[in-house]
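K.L.:
Predicted coordinates and the sequence they were generated for:
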Amino acid sequence: MADYPCVELGPIAHGGHCVARLDGRVVFVRYGIPGERVRVRITDDSKPRMWWGEVAEVIEASPDRVIPPCPVAGRCGGCDFQHVAVPRQRELKAQVLAEQLRRLAGLDIDVTVEPVPGDADGLGWRTRMRYLVRDHRVGLRAWRSDELVELPVGGCRIAHPGGPADLGRFAGHDGELQVVISDDGCTVLGPGGELLTGSQIVTQHVGGRAYRVRADGFWQVHPGAAETLTAAVLDGLNPKAGEQVADLYCGCGLFAGALVDAGCRVTGIEASRSAIELAKLNVPQARFHAMRVDKAGSRLAKKTDLIVLDPPRTGAGAGVVRQLAGLEPTGIAYVACDPAALARDLATFATCGYRLESLRAFDLFPMTHHMECVAVLRPH
Ligand SMILES: C[S@@+](CC[C@H](N)C(=O)[O-])C[C@H]1O[C@@H](n2cnc3c(N)ncnc32)[C@H](O)[C@@H]1O
């Protein structure tokens, strides 16, 4: 251990690593907390001026360091913040968001990351889990690796407790098991996507509506996420009855349903055909088109009052942002899971005459560095 270099950990960076300096290089260190003195095991020295590492020993601990609730924290790739007290986890996420907004969008604003109502300890929330199966053993995946980490006694601490008590009975074939907890109960899909128990189409209830979702399709993983995000979008946009709204990257129609219930006329666009088929059943009052958003120009109403967009991690990109601004909506709600992609797209929106009116961030992924944001933009 004494061979590992000793560093002082600086601020948290996008991706959940602390930034440290070592012999003129930058080292991104996992499993630390800003201000700590630690010894670092270097895990990647392939770049001359930028290395990656992880905490091997804590010399001076932060007062916010806690014993991780899970015995495989630090080996499993699922959680990277278990060593941090939950309120400080949210502060660190807020610092990352503020830094990305400053650096990429030139916005200097105070942000907070709000807990999902009812989520006290950040455990037992993950309703969609992927387990690795190898040689009849079911485990968790190590960080950026195919290495299997044994499941701890009592199972994954962030997994929703509605999952199967004995996962070993599904360990017939090597590959990946998907466990999905919905309002119908538990579904398990095998390595080829085959149904092992439950149902291929599951139901989720939000705001008085029932949404049918493919078990292997997109749905937010925190049980409080759908209510939290739809409320934030409606509060931020304040839609009026009769307004024409585009729900882009609409999945199986979550925001479309909330907007129709607010009296709006809604057009949903989504690349996945199977999601669109379900969206049509879930929200029959809306129009839906299975197509990429960047090809959807002709399908969007010339007079679009409001836009909701919820793109994948890569964000919408400059081309889509310019196309949306060209529709001249009076409000845009941008739901984002990557703060850097959001900040980059906000910068493009600013060049198209749209300013940030409000921003909320939510801790939809406790024990990890991830967060979800809802940004509302209005014309200058
Ligand atoms: C973060 S999910 C949001 C889904 C939905 N809004 C929800 O909350 O359930 C992003 C969605 O974008 C879809 N998608 C990805 N790239 C797309 C593209 N270029 N055009 C349209 N949809 C796309 C994915 O299939 C996925 O359903």
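P.N.:
Noted; the coordinates are in hand.
K.L.:
Residue 35 and the ligand: what is the separation?
P.N.:
From residue 35 across to the ligand, the span is 34 Å (CB to the nearest ligand atom, to the nearest Å). All C-beta spots, glycine's among them, are computed from the backbone N, C-alpha and C.
K.L.:
Surely that residue and residue 9 touch.
P.N.:
Yes. Taking CB atoms under 8 Å as the definition, residue 35 is a contact partner of residue 9 at 6.5 Å.
K.L.:
Overlap in contacts, the two.
P.N.:
Residues within reach of residue 35 and of residue 9 at once, by CB atoms under 8 Å, 6 or more residues apart in numbering: there are none.
K.L.:
Of these two, which one has the most company?
P.N.:
Higher neighbour count among residue 35 and residue 9: residue 9, with 23 against 15, using other CB atoms under 10 Å.
K.L.:
So which bits of this structure are right by the ligand?
P.N.:
Contact residues (CB under 6 Å from any ligand atom) of the chain with the ligand: 218-220, 249-251, 254-255, 269-272, 275, 292-294, 310, 312.
K.L.:
Please repeat the previous calculation with a cut-off of 5 Å.
P.N.:
Residues of the chain lying close to the ligand by CB under 5 Å from any ligand atom are 218, 249, 251, 254, 270-272, 292-293, 310, 312.
K.L.:
Mark which of those are buried, thanks.
P.N.:
218, 249, 251, 254, 270-272, 293, 310 (16 or more other CB atoms under 10 Å).
K.L.:
in the stretch 101-250 of the chain, what residue is nearest the ligand?
P.N.:
Proximity to the ligand, evaluated over the stretch 101-250 of the chain using CB to the nearest ligand atom, is greatest for residue 249 at 3.4 Å.
K.L.:
what sits against that residue?
P.N.:
Here residue 249 is in contact with 269-271, 293, 309-312 (CB under 8 Å, 6+ apart).
K.L.:
rerun that using 6 Å as the cut-off
P.N.:
With contact set as CB atoms under 6 Å, 6 or more residues apart in numbering, residue 249 has these partners: 309-311.
K.L.:
Can you name the residues that contact the residue found closest to residue 200 once you drop the neighbours it is linked to in the chain?
P.N.:
Excluding the flanking residues, the one nearest residue 200 by CB to CB, 6 or more residues apart in numbering is residue 215, at 5.6 Å. By CB under 6 Å, 6+ apart, the contact list for residue 215 reads 180, 187, 189, 200, 202.
K.L.:
Which strands or helices does the helix or strand where the second one lies pack on?
P.N.:
Residue 187 belongs to strand 185-189 when elements are defined using DSSP states H and E. Packing partners of strand 185-189 (3 or more CB pairs under 6 Å, 6 or more residues apart in numbering; DSSP states H and E): strand 175-182.
K.L.:
Determine how far the strand it packs on lies from the middle of the whole chain.
P.N.:
18 Å (CA atoms, centre = their mean, to the nearest Å).
K.L.:
Show residues contacting stretch 257-266.
P.N.:
By CB under 6 Å, 6+ apart, stretch 257-266 touches 207, 209, 230, 234, 239, 241, 243-245, 247, 256, 283, 285-286.
K.L.:
avg pLDDT for it?
P.N.:
Stretch 257-266 shows a mean pLDDT of 98.
K.L.:
got a list of what the residue in the stretch 251-380 of the chain positioned nearest to the ligand touches?
P.N.:
Nearest residue of the stretch 251-380 of the chain to the ligand, counting by CB to the nearest ligand atom: residue 251, 2.8 Å away. Residue 251 is in contact with 218, 270, 275, counting by CB under 6 Å, 6+ apart.
K.L.:
Strands along the stretch 201-350 of the chain, start to end?
P.N.:
201-206, 209-214, 244-248, 265-270, 287-290, 306-309, 331-336 (DSSP state E, counting those that start in this stretch).
K.L.:
for the record, mean pLDDT for stretch 46-55?
P.N.:
96.
K.L.:
Alpha carbons of that stretch, as CSV, please.
P.N.:
Coordinates of each C-alpha in stretch 46-55 appear next as CSV, following Å, rounded to 0.1, in the frame of the first residue of the first chain:
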residue,chain,number,x,y,z
SER,A,46,-2.2,5.0,-21.0
LYS,A,47,-2.3,8.8,-21.6
PRO,A,48,0.8,10.8,-20.8
ARG,A,49,-0.8,13.7,-18.9
MET,A,50,-4.1,12.2,-17.7
TRP,A,51,-4.4,9.1,-15.6
TRP,A,52,-7.3,7.3,-13.9
GLY,A,53,-7.2,5.6,-10.5
GLU,A,54,-9.2,4.6,-7.4
VAL,A,55,-8.8,5.1,-3.7
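K.L.:
Can you give the contact residues for it?
P.N.:
In contact with stretch 46-55 (CB under 6 Å, 6+ apart) are residues 25-32, 38, 40-45.
K.L.:
now swap in stretch 101-116 and tell me
P.N.:
Under CB under 6 Å, 6+ apart, the answer for stretch 101-116 is 90, 93-94, 97-98, 222, 224, 228, 343-344, 346-347, 361-363, 371.
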